[in-house]
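In: Sharing a model that was predicted from the sequence below.
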Amino acid sequence: YNFGSYNRAARDKPKKSGAQGAKRDAEGRKILDKNKLFTTIEFTPDGTELIICQNDSELKVLDIKTAKFKELGAKLSVVDPSKTVPHYITQIAMCHDGPYFACSDSNRCVSLFKKHFVMALGQIDQEKPKEWQFSGKIRSHQIEIAAICFGKSIDENDQVQQRLFSVGRDRRCFEYDVREARANTELPILREFMVEMEAHPTCCAWYPQLDFKEGILLTTNDEYKIKLWNPTTQTSRRTCLGPTYGGEIAKLKLLEQMNGEKYMCYATESKVIGLIKLPLDGNPHKTMGLIAHPNEVTDLCVTSDGKYVFTCGGDDLAVNMWGVDVTPINQACAMGGEGIEPFVNLIEGGRDGQTFQDMKDFFYYSMIKAQVEDTTKTRKLTAHVPVEQLPNLMCAMGYYPTDHEIKCMIDEVRQCAMSNEGRTTTHVSLDTFI
């Protein structure tokens, strides 16, 4: 089935055509009953159930063994059944090792569902099997929700804590209190913060613990930037350039190889899918992309062993299966050089260009300015400048960052050694500046 085609048909208002009054979409194609169209589907982590979301706001649970829909104690839906105007579900996110899944809908709401024992007369009935139940909902964003995702971290009691996030076109990120969510109340919000000032977020994902020991949220925007955030402290940890071919990143999935290497598999809105080697550092040789479909890429998923990627197109009515070979990325990284060499090549003119020479000159002058300028004594230069000089260096190079960008830049430099060495960084080298 091409669910992307059904998805568009569900969103378009059907109109009558001819004497029979058949329902057709905007392109004149006959569609199914409007109340029975799928908008998104997702397997549970153990693979025994398939969650199916429909454009009438209802969710179905398909038992894979019997190929039949499960009879639940209460109907699963993201709207009140008494409402006459349903809102179709746009995204669904599964918790990888916990009994939760969440979904977002066209009404800018986030809903949470939990698999738990059914309550009978105010008591938990443990004789019956656990089933999925509604566990809270809230309209948090002002405009369209770009993405939702689950994450996990260790709390103060050394217990695994499930975390739920959403980012929207309103440039805000919300974290929800999964533990305190209840069916008869709004989904509690733990914290919110701005992730962008000018660009718009397009996707989010939980970042694996590779070069950070803290819980990190990854976000992408429509200016081809990838950002890492500590959502607890609401501070930026890293900003780097993402893939620049095929448009901005629209979907992200973590791909883990059997040898322990980790990659991010991404898809753009149109044509392109690719891989990003982790950890993220902005090295352009760590990314690749290829044309997977002639136009729209509706969705993608990866296998648990990291060997295959599946993509779903749009008008091409195709689902493609791709074998994963990371050898070209590793070869490109080896040929691209080590240290700052890949980043020097991104500068206009390279190492011999005027831009690189200007960066060196301004950096050396900042070392002098950080000491005493008006003196004839011999100076002892340490090849480092204080972090506070970074905004001045940027302005000298012709880029004038906003206050928000300055704060993020300084936070990233200060905290770069905190996870591994337990200290903050107060000075930067020329390599770090480049």
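Out: Looks like it arrived, so ask away. Fair warning: this is a prediction, and the values are worked out from it, not measured in the lab.

In: Regarding the protein, what is its longest helix?
Out: As assigned by DSSP state H, the longest helix anywhere in the chain is helix 354-370.

In: Need the CA coordinates for that helix. CSV is fine.
Out: Extracted C-alpha coordinates of helix 354-370, given in CSV (Å, rounded to 0.1, in the frame of the first residue of the first chain):
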residue,chain,number,x,y,z
GLN,A,354,42.7,35.3,1.9
THR,A,355,39.8,34.3,4.2
PHE,A,356,42.0,31.8,6.1
GLN,A,357,44.8,34.3,6.4
ASP,A,358,42.4,36.9,7.8
MET,A,359,41.2,34.4,10.4
LYS,A,360,44.7,33.8,11.6
ASP,A,361,45.6,37.5,11.7
PHE,A,362,42.4,38.4,13.7
PHE,A,363,43.0,35.5,16.1
TYR,A,364,46.6,36.6,16.8
TYR,A,365,45.5,40.1,17.4
SER,A,366,42.8,38.8,19.8
MET,A,367,45.6,37.1,21.8
ILE,A,368,47.4,40.4,22.1
LYS,A,369,44.2,42.3,23.0
ALA,A,370,43.4,39.7,25.7
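
In: who are the neighbours of the helix or strand following that helix, in terms of helices and strands?
Out: Where DSSP states H and E defines the elements, the next helix or strand beyond helix 354-370 is strand 384-386. If contacts are counted by 3 or more C-beta pairs under 8 Å, 6 or more residues apart in numbering; DSSP states H and E, strand 384-386 sits against helix 354-370, strand 427-429. C-beta here means a position set from N, CA and C on the backbone, and glycine is covered the same way.

In: buried ones in strand 384-386?
Out: For strand 384-386, burial by neighbour count (16 or more other C-beta atoms under 10 Å) applies to 384-385.

In: mind showing which ranges of this structure have poor pLDDT?
Out: Applying pLDDT under 70 to the chain flags the ranges 1-36, 80-86, 119-126, 372-375, 419-422.

In: What helix or strand is residue 115 located in?
Out: Residue 115 belongs to strand 109-116, assigned by DSSP H and E.

In: right, and the helices and strands packed on strand 384-386 - which one's nearest residue 278?
Out: strand 427-429 (23.7 Å; C-beta to C-beta).

In: The closest one packs against which elements?
Out: If contacts are counted by 3+ C-beta pairs under 8 Å, 6+ apart, strand 427-429 sits against strand 384-386.

In: can you list contacts of the strand it packs on?
Out: Strand 384-386 is contacted from outside by 363, 366-367, 370, 393, 426-429, 433, using C-beta atoms under 8 Å, 6 or more residues apart in numbering.

In: elements contacting the longest helix of the chain?
Out: Going by 3+ C-beta pairs under 8 Å, 6+ apart, helix 354-370 lies up against strand 384-386, helix 390-396, helix 430-433.

In: List of residues touching that helix?
Out: Contact with helix 354-370 is made by 344, 347-350, 379, 381-386, 389, 392-393, 396-397, 430, 433-434, as judged by C-beta under 8 Å, 6+ apart.

In: Mind checking which of these are buried?
Out: Buried subset of those (neighbour count, 16+ other C-beta under 10 Å): 344, 347, 384-385, 389, 393, 396, 433.
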